[in-house]
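Enquirer: below are the sequence and a predicted model for it; my questions follow.
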Amino acid sequence: MTASSTRRTTATRSRIAAVGALAVAGTLLVAGCGDQTDKKSDSSSSAGTSSAPLAAKLPKDIKDAGVIKVGSDIAYPPVEYMEGGKAVGIDPDIADALGKQLGVKFEFQNGKFAQLIVGLQAKRFNVVMSAMNDTKDRQNGIDSDTGKKVGNGIDFVDYFTAGTSILVQKGNPKGIKSLDDLCGKVVALQQGTTSEGIAKAQSTKCTKDGKPAIKLQTFDTDPEALLRLKQGASVADLNDFPVAAYNAKTSGGGNDFEVVGEQIEAGPYGIGVSKESTQLRDALQAAMAAIIKDGEYQKILEKWNVTDGAVTEAKINGGS
C-alpha cells in the first residue's frame, strides 16, 4: 500500500506464492480490525539491549526506552491484523526478528493508513510499517495526484515485494479480466493506497479511450471496501496480491472472492523512517541484512507462504 503516492512506472508483473496454508477461519475480517487509531498492540518480545548484536547502532533515546513505536493500519491480513488483541502477520513477525537483533520491542499502534506519514512526521511514532510501498514520490514528499511537493518526504528500508491484484466476487459474475474491464464500473478500495492511484490512472485511460470513467468508492480500511464487494455494491476491489489471495482463500470459506488477472506494478514494501532519523534508518537496514543472512527472514516468509516476495538485500529507498 501507499499513502498519497503511487507507483507511476511501467507495470512489472510477478507472482507471489498463494496463501493456501494460512490457518484462519473463513470470515471477512471487518469487525475488530478496523480503525483503532492510536491504540497500542504488543507484537512481540525481544532480547534485552545488552545481549543484542546490533543494539549499539540504535539512537540512544530509543535504546534507553527499549521500544520502537510503529505506526500501522492493522487491518490488512496477512500482512498485519489483530488477533486476540495482538498485532500479528508478516510485518509483526519481521519486526519481532528485527527487534531481537536490536534489543528492543516493536510496539504497533493502529491508525488510518492515509494518515501514517503525517503521524510519523509529527513524531507520534518512530517508524511506519504497514505494507507501505517505497516510491520516489513518497521519498521526495510529492503528492502524486497534483505533482506538487507537500512535505519533506521519508526514507525507506525495503523488506518485501508485492504487486496489486484485482479481487472480484466468486465466479467472476461481471467477467472482469483486467483493468480495462473496470471502465464505467464501480470499484471499491482503500483510500491513499497504490490501488487508488492505479484505479485513478486507469480511469483516465478509460476516458481517453472514449469509455466511461471508473466509479471509485474509497474507504478508510480495506475491510470496508471488501464488504461493498461482498454485498455486490462494487464489481472489484484492488489490493496487494498477498492480501487479495488471503481474502480469496479465507472469506466465507473461500466462497466470497477470487483473484483475476496478473499482478500490476510490483514494487517494494518499506519501513518508513523520517529523513532526520538516519541513525535509526541505518540500524534497521543492518538488522534487516542480518535476518536475511541468518535465514530468519526466509523462515517468516515460509510461515506465511509468501516466499516469492522475498528481497535478497536490505536496500534504502530502492523503490521507483
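Expert: Ah, there it is. From a predicted model like this one, the values you see are computed outputs, not experimental measurements.
Enquirer: I'd like the next helix or strand past the longest strand along the chain.
Expert: Assignment by DSSP state E gives strand 257-274 as the longest strand of the chain. Going down the chain from strand 257-274, the next helix or strand is helix 278-294, by DSSP states H and E.
Enquirer: tell me what that next one is packed against?
Expert: On a contact count with 3 or more C-beta pairs under 8 Å, 6 or more residues apart in numbering; DSSP states H and E, helix 278-294 meets helix 90-102, strand 154-169, strand 257-274, helix 296-303. C-beta here means a position set from N, CA and C on the backbone, and glycine is covered the same way.
Enquirer: what do you get if the cut-off is 10 Å, keeping everything else the same?
Expert: When contacts are defined as 3 or more C-beta pairs under 10 Å, 6 or more residues apart in numbering; DSSP states H and E, helix 278-294 packs onto helix 60-65, strand 67-72, helix 90-102, strand 127-128, strand 154-169, strand 257-274, helix 296-303.
Enquirer: tell me which residues in it are buried?
Expert: For helix 278-294, the neighbour count (16 or more other C-beta atoms under 10 Å) marks 280-292 as buried.
Enquirer: before we move on, the earlier item: for the helices and strands packed on helix 278-294, which one sits closest to residue 142?
Expert: Relative to residue 142, the nearest member of those by C-beta to C-beta is strand 154-169, separated by 11.7 Å.
Enquirer: what angle do the closest one and strand 257-274 make?
Expert: Interaxial angle, strand 154-169 versus strand 257-274 (axes from the mean of the first three to the mean of the last three C-alpha atoms, to 10 degrees): 170 degrees.
Enquirer: which SSE is residue 189 in?
Expert: Per DSSP H and E: strand 186-190 holds residue 189.
Enquirer: can you list the strands that that strand pairs with?
Expert: strand 215-219 (parallel), strand 236-240 (parallel) (DSSP bridges).
Enquirer: now residue 182. Nearest residue, chain neighbours left out?
Expert: Distance criterion C-beta to C-beta, 6 or more residues apart in numbering; nearest residue to residue 182, sequence neighbours excluded, is residue 214 at 5.2 Å.
Enquirer: distance of the one you found from residue 308?
Expert: 29 Å (C-beta to C-beta, to the nearest Å).
Enquirer: out of the two, which sits in the more crowded spot?
Expert: Set residue 214 next to residue 308 and count neighbours by other C-beta atoms under 10 Å: residue 214 wins out with 24 against 15.
Enquirer: show me what contacts that one?
Expert: Listed by C-beta atoms under 10 Å, 6 or more residues apart in numbering, the contact set of residue 214 reads 179, 182-187, 199-207, 235-236.
Enquirer: again, only this time at 8 Å
Expert: Shown in contact with residue 214 (C-beta atoms under 8 Å, 6 or more residues apart in numbering): 182, 183, 184, 185, 186, 187, 199, 202, 203, 206.
Enquirer: now, of these, which are buried?
Expert: Buried among those (16+ other C-beta under 10 Å): 182, 183, 185, 186, 187, 199, 202, 203, 206.
Enquirer: is the fourth one bridged to anything, and to what?
Expert: Residue 186 has these beta-bridge partners by DSSP bridges: residue 215.
Enquirer: and for residue 83?
Expert: When assigned by DSSP bridges, residue 83 has beta-bridge partners residue 86.
Enquirer: look up how far residue 75 lies from it.
Expert: Relative to residue 75, residue 83 is positioned 12 Å away (C-beta to C-beta).
Enquirer: shaky segments in the protein?
Expert: 1-50 (pLDDT under 70).
Enquirer: separation between the residue positioned nearest the centre of it and residue 159?
Expert: Centroid-nearest residue in the chain, with C-alpha atoms, centre = their mean: residue 131, separated by 1.5 Å. As for residue 131, its distance to residue 159 is 10 Å (criterion: C-beta to C-beta).
Enquirer: the strand or helix carrying residue 227 vs strand 186-190, what angle?
Expert: Assigned by DSSP H and E, residue 227 belongs to helix 222-230. If you take the same axes, to 10 degrees, helix 222-230 sits at 160 degrees to strand 186-190.
Enquirer: tell me the helices and strands packed up against helix 222-230.
Expert: Helix 222-230 packs on strand 75-76, strand 154-169, strand 186-190, strand 215-219, strand 236-240, strand 257-274, going by 3+ C-beta pairs under 8 Å, 6+ apart.
Enquirer: looking at those strands, which is nearest to residue 68?
Expert: Comparing those under C-beta to C-beta, the one sitting nearest is strand 257-274, at 9.7 Å.
Enquirer: which other helices and strands contact the closest one?
Expert: Contacts defined by 3+ C-beta pairs under 8 Å, 6+ apart place strand 257-274 against helix 116-121, strand 127-128, strand 154-169, helix 194-208, helix 222-230, helix 241-250, helix 278-294.
Enquirer: could you dump these into JSON lines with distance to residue 104 added?
Expert: Formatted as JSON lines, these follow (distance: least, C-beta to C-beta, whole Å):
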{"stretch": "helix 116-121", "distance to residue 104": "17"}
{"stretch": "strand 127-128", "distance to residue 104": "11"}
{"stretch": "strand 154-169", "distance to residue 104": "15"}
{"stretch": "helix 194-208", "distance to residue 104": "29"}
{"stretch": "helix 222-230", "distance to residue 104": "29"}
{"stretch": "helix 241-250", "distance to residue 104": "26"}
{"stretch": "helix 278-294", "distance to residue 104": "10"}
